[in-house]
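Asker: Build me a model from this:
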Amino acid sequence: MEFTKGQPMKRCQHTKNTLPLTSAHSNLTGPCPVNHRATTTLPPPQSSFLSLPSLKMIPLLPLLFLFFFFFNSSLQSEVSISLSPTTLSRSGDTVVIKWSGIDSPSELDWLGIYSPPESSDDNFVGYVFLSKSPTWKSGSGSISLPLVNLRSNYSFRIFHWTSSEINLKRHDHDRNPLPGTKHLLATSEELLFEKDRGPEQIHLALTDNEDEMRVMYVTGDPSETYVRYGEKENKLNEVSVAHVKRYEREHMCDSPANDSLGWRDPGYIHDGVMTNLKKGVRYYYKVGSDAGGWSATHSFVSRNSDSDETIAFLFGDMGTAPPYTTFVRAQEESISTVKWILRDIEALGAKPAFISHIGDISYAKGHAWLWDQFFYQIEPIATKLPYHVCIGNHEYNWPSQPFKPYWAAYGTDGGGECGVPYSLRFNMPGNSSESTGTNAPATRNLYYSFDMGAVHFVYISTETNFLRGSNQYNFLKHDLESVDRKKTPFVVVQGHRPMYTTSNEIRDAALRAKMLEHLEPLLVKNNVTLALWGHVHRYERFCPLNNFTCSSWVQNGEDKEGYTVHLVIGMAGQDWQPIWEPRPQHPDMPVFPQPERSIYRGGEFGYTRLVATKEKLVLSYIGNHDGEVHDRVEILASGEVVSGGKADYENVKSSLSWYYVKAGILMVLGAFIGYVLGFFSHSRKKLEAKGDWTPVKTTEES
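Answerer: Presented below is the predicted three-dimensional model:
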């Protein structure tokens, strides 16, 4: 399925970025053609110029050098660029960049965005084509950009770029050629952010203690800051001192994270804890200091262990969307995901809830400013609810990591970050960590668990060792065996790479086999209710599974059999998609078939909403285009799946599983038809279990 915006532009295959196309592209080759335009040629020197008596003795080459120098300088001086305003207050404020005086403007003229201002021409944080302005053809125009505070000033530069200078070997993440910087036309003055405006990038998290709430945020210096909180907005009498930490360039394991292109100062990360909270009470808080300024006042509802109700918003692979093009793909759908979750949060009233983001967090991939953009983007929801995460391949993976078995297919997805920004920018419950084998801080936030109402939530890492005998395996085994099912009748396990998926992601097949061998027995033995996964950028819900086999729900006295319902929920923003549906523009592209164990597959971006009591858990899949429920599954505390939404045989409105419904139909139709249907059903299941169809890898899913 291909998602387009309906713009009058041709989209390069598997890309987000677009360049305007004209008939001049017919003789260009490469992944993403761009416009031809005539290059500006210098007028030949006039004979009268060289015949001046006073210049007869001047050597020709120095004269030409001076001529080119002053000619180019005059070209640059003719183009003006201005900013309004020249100082912004906080992240998200907008600057208007105006320009004029461009001779023979072209669709390929572009605006580079730089922070810090002294960055080299190639080390922009992003760029915008001047043709975005409706008046660009006149040589004048303006562009408005909301910007994030990177704790250093910005500047802007306008460049001219010609098709003859395209370097197809120098391209971005989507293989679009990066714009050239040979012809600089103008440089702006510096854009500042006001100082002493208080911390930014505020986000909450639960701790190991039920009467606490953690809050983290970023400032530009290591000065001591505080968390002030209380039950009344105008009476924040409780005070907590925040601890300060940061990571350095040398902690990054490779480029671009540790080179001049990707590295930017991450600022100082502050970590404070609000303690002695009453159960289920709304608290107000702000962070900062008198010297450095205070944030706005936010609020949250504290955890309530006396309540049976559980509410959570869960998804994977969201990312962020800066207002400009940069070296890696942006996740534009992430904006809609945050918008709809915020709607749901505002409808909660005084009920506690939390957010779960299961891997592939910002997709910074070594470009530090995208972490700042991500935390700015989630701040409207992360200041209201605890924001919980687990590690994904785009936070961690790099060949130098200590755990990299041949079967894991771990690559260079982390952009040289090797888990460091993820480990310090978040602080999850538990003390899980793995050594990096270098001087970098240990990799943290790998596996942990907590109770929320009627549900016990467990987070694991598919990127670090989970085999039998490992620290993570021992944690998971002990944790699942220790759950009090009378207190939390439902157990939800979450990790990044899926144990089950019908996208047939070939690279991870061996890893999935290891998960099935080592982890699935723990899930089945301990009656785990749900297993939620990301990595594949679709929604998919399976029947209760054990070793690729759908189970029925059976209860005889005290004994019951209820396998785990697996769901893939990596549809929150990243737009690489497995081919699950035919695409008109690609009629020759095979479609991954849907076996019986896959109950529902959706191509809609969105998130899931979990609501549970001690009697029933309901998980709903919310689509971003309309904010409505597209699929849902209901599971009783006994383990029985009583409803699966519109995808689960819509004619069946029964509390029995599909297995028993099918058996009843066969009995009515008669033994002979039953035999025939049973035969073919059994044969088909064998083929699906063996995978007797040709897998074709057509899209990336990492």
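Asker: The stretch 251-400 of the chain: helices as residue ranges?
Answerer: Secondary structure of the stretch 251-400 of the chain by DSSP state H, counting those that start in this stretch: the helices cover 333-346, 369-382, 393-396.
Asker: Same check on the stretch 51-200 of the chain?
Answerer: Remark: helices assigned in the stretch 51-200 of the chain by DSSP H, counting those that start in this stretch are 60-78.
Asker: Low-confidence stretches in it?
Answerer: Residue ranges of the stretch 51-200 of the chain with pLDDT under 70: 51-77.
Asker: Just give the nearest non-adjacent residue to the residue nearest the centre of the chain, would you?
Answerer: Central residue of the chain (Cα atoms, centre = their mean): G319, 2.0 Å from the mean position. Closest residue in space to G319, ignoring its immediate chain neighbours: Q331 at 3.1 Å, by Cβ to Cβ, 6 or more residues apart in numbering. In this view, the C-beta of every residue, glycine as well, is placed from N, C-alpha and C.
Asker: following whatever helix or strand L516 lives in, which helix or strand shows up next?
Answerer: Per DSSP states H and E, L516 falls inside helix 509-518. For helix 509-518, the following helix or strand on the C-terminal side (DSSP H and E) is helix 520-525.
Asker: what about the residue nearest to G319, neighbour count?
Answerer: The local packing of Q331 (other Cβ atoms under 10 Å) involves 25 other residues.
Asker: Distance-wise, check it relative to F313.
Answerer: 17 Å (Cβ to Cβ, to the nearest Å).
Asker: Same question for H388.
Answerer: Using Cβ to Cβ, H388 is found at 10 Å from F313.
Asker: got any residues that touch both of those two?
Answerer: By Cβ atoms under 8 Å, 6 or more residues apart in numbering, H388 and F313 have these common neighbours: F354, I355, S356.
Asker: In strands, which of these appear?
Answerer: F354, I355, S356 (DSSP state E).
Asker: Weed out the non-buried ones from those residues.
Answerer: Buried residues within those, counting neighbours by 16 or more other Cβ atoms under 10 Å: F354, I355, S356.
Asker: Report the beta-bridge partners for the first one.
Answerer: In this structure, F354 has beta-bridge partners A312, where bridges are defined by DSSP bridges.
Asker: That one touches P386, doesn't it?
Answerer: Yes. The pair F354 / P386 is scored as a contact, 4.3 Å apart, by Cβ atoms under 8 Å.
Asker: Give me the common contacts of those two.
Answerer: Residues touching both F354 and P386 by Cβ under 8 Å, 6+ apart: L206.
Asker: re the thing from before, and the shared contacts of H388 and F313, which is closest to S104?
Answerer: S104 has its nearest neighbour among these in I355, at 50.6 Å by Cβ to Cβ.
Asker: ok, now which ones touch Y127?
Answerer: Going by Cβ under 8 Å, 6+ apart, Y127 touches W110, L111, G112, I113, P179, Y324, T325, T326.
Asker: tell me which residues form a beta bridge with it?
Answerer: G112, T325.
Asker: What distance do you get for it to P322?
Answerer: Taking Cβ to Cβ, one finds Y127 at 11 Å from P322.
Asker: How about Y396?
Answerer: Taking Cβ to Cβ, one finds Y396 at 23 Å from P322.
Asker: Between those two, point out the one with more neighbours.
Answerer: Counted by other Cβ under 10 Å, Y396 and P322 do not tie: Y396 has more neighbours, with 27 against 23.
Asker: List the residues that contact the residue nearest to G319.
Answerer: Contacts for Q331 were tallied using Cβ under 8 Å, 6+ apart; they are M318, G319, T320, A321, Y363, G573, Q574, D575.
Asker: Read off the pLDDT value for it.
Answerer: According to the prediction, Q331 has pLDDT 96.
Asker: quick one on the thing from earlier: can I get the contacts of Q331 in JSON lines including pLDDT?
Answerer: Output for the contacts of Q331, formatted as JSON lines (pLDDT from 0 to 100):
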{"residue": "M318", "pLDDT": "98"}
{"residue": "G319", "pLDDT": "98"}
{"residue": "T320", "pLDDT": "98"}
{"residue": "A321", "pLDDT": "98"}
{"residue": "Y363", "pLDDT": "98"}
{"residue": "G573", "pLDDT": "97"}
{"residue": "Q574", "pLDDT": "94"}
{"residue": "D575", "pLDDT": "85"}
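Asker: Can I get the buried ones among these as something I can paste into ChimeraX?
Answerer: Here is the ChimeraX command that picks out the buried ones among the contacts of Q331, judged by 16+ other Cβ under 10 Å:
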select :318,319,320,321,363,573,574,575
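Asker: farthest pair in the contacts of Q331?
Answerer: T320 and D575 (13.1 Å).
Asker: low-confidence ranges in this structure?
Answerer: For the chain, the ranges with pLDDT under 70 are 1-77, 552-562, 578-579, 581-590, 645-702.
Asker: make it 50
Answerer: For the chain, applying pLDDT under 50 flags the ranges 1-58, 68-76, 555-559, 646-701.
Asker: and stretch 139-150, which residues are buried?
Answerer: Residues G139, S140, G141, S142, I143, L145, L147, V148, N149, L150 are the ones in stretch 139-150 that count as buried (16+ other Cβ under 10 Å).
Asker: and the closest residue to A296 other than its chain neighbours, how many residues sit next to it?
Answerer: In this structure, A296 finds its nearest non-sequential neighbour in K286, 6.7 Å apart by Cβ to Cβ, 6+ apart. By other Cβ under 10 Å, 19 other residues sit near K286.
Asker: Repeat that for the one 10 residues further on.
Answerer: Neighbours of A296 under the rule other Cβ under 10 Å: 11.
Asker: Tell me who's in contact with D121.
Answerer: D121 sits in contact with G112, R157, F159, T181, L184, where contact means Cβ under 8 Å, 6+ apart.
Asker: What of S223?
Answerer: Contacts of S223 by Cβ under 8 Å, 6+ apart are S289, A291, G292.
Asker: Surely it is within a strand?
Answerer: No. Going by DSSP: H, G, I helix; E, B strand; the rest coil, the assignment for S223 is coil, not a strand.
Asker: Would you mind measuring from it to S289?
Answerer: 7 Å.
Asker: ditto for A510
Answerer: To S289, A510 is 51 Å away according to Cβ to Cβ.
Asker: next one: L130
Answerer: Using Cβ to Cβ, L130 is found at 42 Å from S289.
Asker: Over to V528?
Answerer: V528 sits 45 Å away from S289, going by Cβ to Cβ.
Asker: Those two: which is more packed in?
Answerer: Between V528 and S289, counting by other Cβ under 10 Å, V528 is the more crowded of the two (25 against 18).
Asker: So what's the residue count around P489?
Answerer: Residues near P489, counting by other Cβ under 10 Å, number 25.
Asker: nearest spatial neighbour of it, skipping sequence neighbours?
Answerer: That would be A637: by Cβ to Cβ, 6+ apart, it lies 3.9 Å from P489.
Asker: List the contacts of that neighbour.
Answerer: Contacts for A637 (Cβ under 8 Å, 6+ apart) come out as A454, P489, F490, K614, E615, K616, L617.
Asker: Quick check: PyMOL command selecting the buried ones in those.
Answerer: Buried residues within these, by 16+ other Cβ under 10 Å, are selected in PyMOL with:
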select buried, resi 454+489+490+614+616+617
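Asker: Turn the contacts of A637 into CSV, including distance to I102 and secondary structure.
Answerer: Below are those laid out as CSV (distance: Cβ to Cβ, whole Å; DSSP: H, G, I helix; E, B strand; the rest coil):
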residue, distance to I102, secondary structure
A454, 63, coil
P489, 67, coil
F490, 62, strand
K614, 67, coil
E615, 68, coil
K616, 64, strand
L617, 60, strand
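Asker: Just put the contacts of A637 in TSV and tack on distance to D372.
Answerer: Listed next are the contacts of A637 as TSV, based on distance: Cβ to Cβ, whole Å:
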residue	distance to D372
A454	37
P489	41
F490	36
K614	41
E615	43
K616	41
L617	36
